[in-house]
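**Q** Okay, predicted coordinates and the sequence, questions at the end:
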Amino acid sequence: MAILRIRTWGDPVLRQPARPVERVARVHRRLIEDMIDTMRHAPGVGLAAPQVGVSERIFVWEHEGEAGAVINPTVVSLAGEPIDDEEGCLSIPGIFYPVARSEVARIEGTGVDGRPLDLEGKGFLARILQHETDHLDGVLFLDRLSPEDRREALSRLREQALGLPPRSVAPDRGGNGAMDGETL
Ligand code: NI
């Protein structure tokens, strides 16, 4: 078991589209075990390989007592009304904002055993699948915020980078830094 270092906002690996895994090897199975340990330790409910500095198309997830890994995932369908729910990211600590995500997401990819895998998520699992697949394309949840929230989030991130104390925001607003949202 190893806890890997989670890369944070500003690290270029987070913006790089990750490369596909050609053949699932021992190194990937080992990485996936470490990613699951790292996700649980953080704690979070999803983690993509670029977040631990590995630019390969792999993510892990955990939801309602079930956990898994997907290699080379593709979102094959999105359905249902977009739902606005608070979202956070292990690579952007302390920042939570509502993001609109499809209610149902279906993913195809490869499992740890090298076999084809088909996974459908509803509700929060659908959100996790969309958030983690985004990571593999270099997309962060900040990119999906409303222009106003995005402006505010970026200015808070710049203040954090300068070492300024967290700004207080009205408690009914997202982005108040409270750790009540789940982090992906
Ligand atoms: Ni994330």
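**A** All right, it came through fine. Numbering: from 1, shown residues only.
**Q** Need the three-state assignment for the closest residue to Glu132 other than its chain neighbours.
**A** Closest residue to Glu132 apart from its sequence neighbours, by C-beta to C-beta, 6 or more residues apart in numbering: Phe59 at 3.8 Å. From N, CA and C alone the C-beta is placed, and that goes for glycine too. For Phe59, the secondary structure call by DSSP: H, G, I helix; E, B strand; the rest coil comes out as strand.
**Q** Can you give me the pLDDT of Phe59?
**A** Listed pLDDT for Phe59 reads 98.
**Q** who's it bridged to?
**A** Listed beta-bridge partners, Phe59: Ala48, Val70 (assigned using DSSP bridges).
**Q** contacting residues around the closest residue to Leu90 other than its chain neighbours?
**A** Nearest residue to Leu90, sequence neighbours excluded (C-beta to C-beta, 6+ apart): Gly44, at 4.7 Å. Residues in contact with Gly44 (C-beta atoms under 8 Å, 6 or more residues apart in numbering) are Leu90, Glu182, Thr183, Leu184.
**Q** and which of those is nearest to the ion?
**A** Closest approach between these and the ion, by C-beta to the ion: Leu184, at 4.5 Å.
**Q** Isn't the closest one up against Glu87?
**A** Yes - with contacts counted by C-beta atoms under 8 Å, Leu184 reaches Glu87, the gap being 6.8 Å.
**Q** Could you pull out the residues contacting both of those two?
**A** Shared contacts of Leu184 and Glu87, counting by C-beta under 8 Å, 6+ apart, come down to Arg127, His131, Phe141.
**Q** How far off centre is stretch 88-105?
**A** Distance of stretch 88-105 from the chain centroid (C-alpha atoms, centre = their mean, to the nearest Å) equals 8 Å.
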